[in-house]
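Q: Next comes the sequence, and after it the predicted model I'd like to discuss.
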Amino acid sequence: MTDKFINLYDFIDFARANRKYPDNTANNLKSALKIFEKELNAEELKSISMVEDSIGEIFRSLVIANKNKSILSLNTYKARLLKVIKDYRKYGAEPGKIQNWVVKIKKSTPLLIKKDKTDKKNIELSNLIHTPVEKLHKIDISFDCDTVKISIPKDVSAKEVKMIKSVLDSLTARD
């Protein structure tokens, strides 16, 4: 019995369900299958071995059909396809073997590389600015012709509030 190309899609779902492929990896692998599937003939669709044997020719067809994509991107798709086939051969042909599949945890690349660390050491601030915390209520009032900014201390007394109110009331009394 030959393994059909379409079995690779089911294998990816199976591996995802068993936490062997994270969602994003599974999606990326399926994308690779889809792009290659368009270039396969009827015989290649029936046999994963035939796809492996003809990968060079299939890849050339893929490059010609996808002139708008970079060769780097297409090589990535090829590597993903070959990875799925390899994993399928190892764990998909006999699903019970998936229990023995040890997932390699990739180390994340540090965000701050050595050059950045060097640059960071060389950066100096020209003037340190120490701004004290303002203890003010700032109020902007817009009128038809202009805007008024009022700053009132946070520890304003009741007497001072009354005085401010009376000033504001006097403005409206002129209308």
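A: Thanks, I have it. Residues are numbered from 1 along each chain as shown.

Q: In stretch 18-28, which residues are buried?
A: 20-21, 25-26, 28 (16 or more other CB atoms under 10 Å). Using the backbone N, CA and C atoms, a C-beta is placed for each residue, glycine as well.

Q: Leu171: which of the residues you listed is nearest?
A: Nearest to Leu171 out of the buried residues of stretch 18-28 is Asn28 (CB to CB; 66.3 Å).

Q: isn't that closest one right up against Arg80?
A: Yes - contact criterion CB atoms under 8 Å: Asn28 and Arg80 qualify, at 6.1 Å.

Q: what ranges of this structure fall below the confidence cut-off?
A: The chain contains residues with pLDDT under 70 at 1-2, 106-134, 143, 173-175.

Q: quick check: domain ranges of it?
A: Listed by automatic domain parsing, the domain ranges of the chain are 7-106, 136-173.

Q: so where does the most centrally placed residue in the chain fall, helix or strand?
A: Against the mean C-alpha coordinate of the chain, by CA atoms, centre = their mean, the closest residue is Asn24 at 9.9 Å. Following DSSP states H and E, one finds Asn24 within helix 23-37.

Q: One more: Ser49?
A: Following DSSP H and E, one finds Ser49 within helix 48-53.

Q: Pull the residues that contact that helix.
A: Residues outside helix 48-53 that contact it (CB atoms under 8 Å, 6 or more residues apart in numbering) are 2-5, 7-8, 36, 40, 43-44, 58, 81-82, 85, 88.
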